[in-house]
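**Q** Provided below are the primary sequence and the corresponding predicted coordinates.
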Amino acid sequence: MRQLTCTGPATVEWRDVPEPRLAHDGDALVRPLAVARCDIDLPLTSGIFPIREPFARGHECVAEITALGDGVRGLEIGQRVVVAFQVSCGTCRSCGVGHSANCDRYPVLSDFGMQPLSGVEYGGMLADLARVPHAEAMLAPVSARLDPVALASVSDNVLDGYRAVAPHLADLPGSEVLIVTHGLKSVPLYAALTALALGAARVDFASNDDDVLAVAERLGARPIRTEFGKPERRYPIVVDAGLTAEGLKYAIRSTEPEGICQSVSFYPGGEMPLPLGRLYTLGIRFSIGRVHSVAMLPQVLPLIEQGRLRPQDVTTRVVDWEDAPAAFLEPAIKLIIRRA
Ligand SMILES: [Zn+2]
Ligand SMILES: [Zn+2]
């Protein structure tokens, strides 16, 4: 079968690889229907982490089940599913409390399509077939009437944007929200989309990226063009989404006393300065960590099914499956690759 494979910095190509097979009775095989490019995919392909061997690409997808192990209950062949991008068992202590990103049974950062992070190749979703272990935990059925293109990013970046604001708006309903974007593309837009859908009084979107600002404005957020100097006001809920020390500082300085600054940034390499004295003195809670894909899916899928959350409004480019190798390396805020 064909698999989109990263063979070196900024190089991807279709490669013939053996078809995956069911290896355990809890496994499923799926055929990806639409795959989204995650905000980390371009940096990962360009070699932000050392690329020691070719690795499979693609981890945000909606797919169709083509085979199930004998032990799988509650799923059917032919069913359409969102595939959690983090590999997790669903039964260990961490999975049991919703911390599926840090499943006890797998090395840290065990994800599809991101072999350089964990050192383990789990296969990628830009392939004709993928093997999904622990299918009962990792596959979330979705209505076949929903467009796969709209659902392609739900397993990761949509959830990431959602969790950045939803729990905080539940604590402080109707609050004003600021999203600070300094390098990430789609996650902060999904956070804005969520804040608007969940009734934030005001959603401001600060960035130095004009293209992302234009999409944010189209969604209904108020764009703030900034180079991350002095913030113009403060907010009870602030989302930090980016790569730079200046952006992080701006996000924290934009947070009200006793407010929450939620970071969805992965800050590769080096150390980031954190103004602990300011956080202490003003009682600002700073929260950072990875999304828990399996645990979050049941919260977000109903909002999409009800039409309250429309991830498709963030999509800026849709290409055919055949065009994946070229499109995967080209800039776009949110790229979706769909099977014909
Ligand atoms: Zn991702
Ligand atoms: Zn687990």
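**A** Cool, got the structure. Ligands and ions are numbered 1, 2, ... in the order given.

**Q** For Ala327, grab phi and psi.
**A** Per-residue torsions, Ala327: phi -60, psi -30 (degrees, to the nearest 10).

**Q** helix/strand/coil for the spatially closest residue to it that is not a sequence neighbour?
**A** Excluding its sequence neighbours, the residue lying closest to Ala327 (Cβ to Cβ, 6 or more residues apart in numbering) is Val319, at 4.4 Å. Yep, even glycine has a C-beta here, placed from its N, CA and C like the rest. Using DSSP: H, G, I helix; E, B strand; the rest coil, the structure places Val319 in strand.

**Q** Am I right that Val319 is in contact with Leu335?
**A** Yes: counting by Cβ atoms under 8 Å, Val319 does reach Leu335; the two are 7.0 Å apart.

**Q** Okay, the residue of the chain most remote from its centre and Glu258: tell me how far apart.
**A** Ranked by distance from the centre of the chain (Cα atoms, centre = their mean), the top residue is Thr281, with 32.7 Å. For Thr281, the distance to Glu258 equals 11 Å [Cβ to Cβ, to the nearest Å].

**Q** How about Glu136?
**A** For Glu136, the distance to Glu258 - Cβ to Cβ - is 41 Å.

**Q** Quick one, grab the pLDDT at whichever residue of the stretch 51-200 of the chain sits closest to ligand 1.
**A** Nearest to ligand 1, among the residues of the stretch 51-200 of the chain, is Asp156, at 4.0 Å (Cβ to the ion). What the model reports for Asp156 is a pLDDT of 98.

**Q** what number of residues lie near it?
**A** 31 (other Cβ atoms under 10 Å).

**Q** which residues of the stretch 51-200 of the chain fall in helices?
**A** With DSSP state H, counting those that start in this stretch, the ranges of helices along the stretch 51-200 of the chain come out as 93-96, 115-118, 135-138, 148-151, 159-171, 186-197.

**Q** Of these, which stretch is the most buried?
**A** When those are scored by mean count of other Cβ atoms under 10 Å, the highest mean neighbour count falls to helix 186-197 (a mean of 29).

**Q** Heading C-terminal from it, find the next helix or strand.
**A** Next helix or strand after helix 186-197 toward the C-terminus (DSSP states H and E): strand 202-207.

**Q** Residues in contact with the following helix or strand past that next one: which ones?
**A** For strand 202-207, the following helix or strand on the C-terminal side (DSSP H and E) is helix 210-219. Outside of helix 210-219, the residues within contact range by Cβ atoms under 8 Å, 6 or more residues apart in numbering are 179, 181, 185, 188-189, 192-193, 196, 205, 207, 223-225, 313-314, 316, 333.

**Q** The same query, at a cut-off of 7 Å, please.
**A** With contact meaning Cβ atoms under 7 Å, 6 or more residues apart in numbering, helix 210-219 is reached by 181, 185, 189, 192-193, 196, 205, 207, 223, 225, 313-314, 316, 333.

**Q** State the mean pLDDT of that helix.
**A** Averaging pLDDT along helix 210-219 yields 98.

**Q** tell me which residues in that helix are buried?
**A** 212-213, 215-216, 219 (16 or more other Cβ atoms under 10 Å).

**Q** Pick out the residue nearest the middle of the chain.
**A** Asn157 (2.1 Å).

**Q** Go ahead and confirm that residue touches Tyr190.
**A** Yes: the criterion here is Cβ atoms under 7 Å, and Asn157 meets it with Tyr190 at 5.9 Å.

**Q** Next up, the contacts around the residue nearest to Ala327.
**A** With Cβ under 7 Å, 6+ apart, Val319 has these contacts: 327, 335, 337.

**Q** Enumerate the residues of the stretch 151-300 of the chain near ligand 2.
**A** Contact residues, the stretch 151-300 of the chain versus ligand 2 (Cβ under 5 Å from the ion): none.

**Q** Tell me how many other residues surround Pro50.
**A** Neighbours around Pro50, by other Cβ under 10 Å: 7.

**Q** Is any residue of the lowest-mean-pLDDT helix or strand in the chain near ligand 1?
**A** Least confident helix or strand, the chain: helix 41-45 with a mean of 91, by mean pLDDT, DSSP states H and E. No: contact of helix 41-45 with ligand 1 (Cβ under 5 Å from the ion) is absent, the minimum separation being 6.9 Å.
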